[in-house]
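J.: would you be able to build a 3D model of this:
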Amino acid sequence: MVATSNPGKLREFRALLADLGAELLSQSDFPGTAMPEEGDDYAENAARKARAIAAATGHVALADDSGLEVDGLDGRPGPHSARYGGPGLDDAGRVARLLQELDGQPGASRSARFVCVAAVAGPDGRVQLARGECLGEILPAPRGEGGFGYDPVFFFAEDGVGMAELAPARKNEVSHRARALRALRPSIEAALAAQSGSGAS
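T.: Okay, the predicted model is just below:
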């Protein structure tokens, strides 16, 4: 169970954890499950989401809280990345807002990082967390056709290309979400084994 209704994020979870042999359902597969309000802290947001969905469904639940932190914006939009600019904006609108705020700022101001804190919770409410980061800078204009969210304007310094220009397999090796889930994997495996042992499915 993945505590998200974001199709791009769900695809990444499924690709990153495909070898676990567990079916990853999304929040939309359980109508009526409500997500808690999100605040200013990645870890707290991720833990709340995972715990709420695990309690509502009786299944092991995975969640993450991710954001883009830009040095020239004092770390904004951060945990508010998905709501940046207000509720009426889609991904393209949020990217346009970001580029507008950075317009004319020098190169150092465009240094940025993607941050992800991933969480796994069992129906008993116990939560484990792991964090991943990906360093880069903000491009002057969108590039590439892949990814979602802010990927089109994130230059991935390690490979020297835009995040949206990476092949999906490569992104699933190096992204902030990939790194967080890789660190969390032992806890995910333990939670799934505990659920299986209890007779739950």
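J.: same question for stretch 71-87, mean pLDDT?
T.: Stretch 71-87 carries an average pLDDT of 92.
J.: over to stretch 145-154?
T.: Averaged across stretch 145-154, pLDDT comes to 92.
J.: gap between the two ends of it?
T.: This stretch, stretch 145-154, spans 12 Å end to end (CA to CA, to the nearest Å).
J.: so which bits of that stretch are buried?
T.: Within stretch 145-154, the residues scored as buried using 16 or more other CB atoms under 10 Å are 146, 147, 149, 150, 151, 152, 153, 154. Every C-beta, even on glycine, is put in place using the N, C-alpha and C of the backbone.
J.: just the residues you listed: which are in strands?
T.: If you go by DSSP state E, the buried residues of stretch 145-154 have residue 154 in strands.
J.: in a markdown table, list the buried residues of stretch 145-154 along with distance to residue 56.
T.: Shown next, in a markdown table, are the buried residues of stretch 145-154 (distance: CB to CB, whole Å):
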| residue | distance to residue 56 |
| --- | --- |
| 146 | 33 |
| 147 | 30 |
| 149 | 26 |
| 150 | 29 |
| 151 | 30 |
| 152 | 34 |
| 153 | 35 |
| 154 | 33 |
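J.: between the buried residues of stretch 145-154, which is nearest residue 124?
T.: residue 149 (32.2 Å; CB to CB).
J.: now the one helix or strand residue 137 maps to: average pLDDT?
T.: Following DSSP states H and E, one finds residue 137 within strand 127-138. Averaged across strand 127-138, pLDDT comes to 96.
J.: which strands and helices sit next to that strand?
T.: Under the contact criterion of 3 or more CB pairs under 8 Å, 6 or more residues apart in numbering; DSSP states H and E, strand 127-138 touches helix 42-57, helix 91-102, strand 111-121, strand 154-156, helix 176-197.
J.: before we move on, the earlier item: out of the buried residues of stretch 145-154, which comes closest to residue 82?
T.: For the buried residues of stretch 145-154, the minimum distance to residue 82 (CB to CB) is 7.7 Å, reached by residue 149.
J.: and the closest residue to that closest one other than its chain neighbours, what pLDDT?
T.: The shortest distance from residue 149 to any non-neighbouring residue, by CB to CB, 6 or more residues apart in numbering, is to residue 91 (5.6 Å). We note a pLDDT of 91 for residue 91 in this prediction.
J.: which helix or strand contains the spatially most central residue of the chain?
T.: Centroid-nearest residue in the chain, with CA atoms, centre = their mean: residue 66, separated by 4.1 Å. Assessed by DSSP H and E, residue 66 sits inside strand 61-70.
J.: packing partners of that strand?
T.: Looks like strand 61-70 contacts helix 7-16, helix 42-57, strand 77-78, helix 91-102, strand 111-121, helix 176-197 (3+ CB pairs under 8 Å, 6+ apart).
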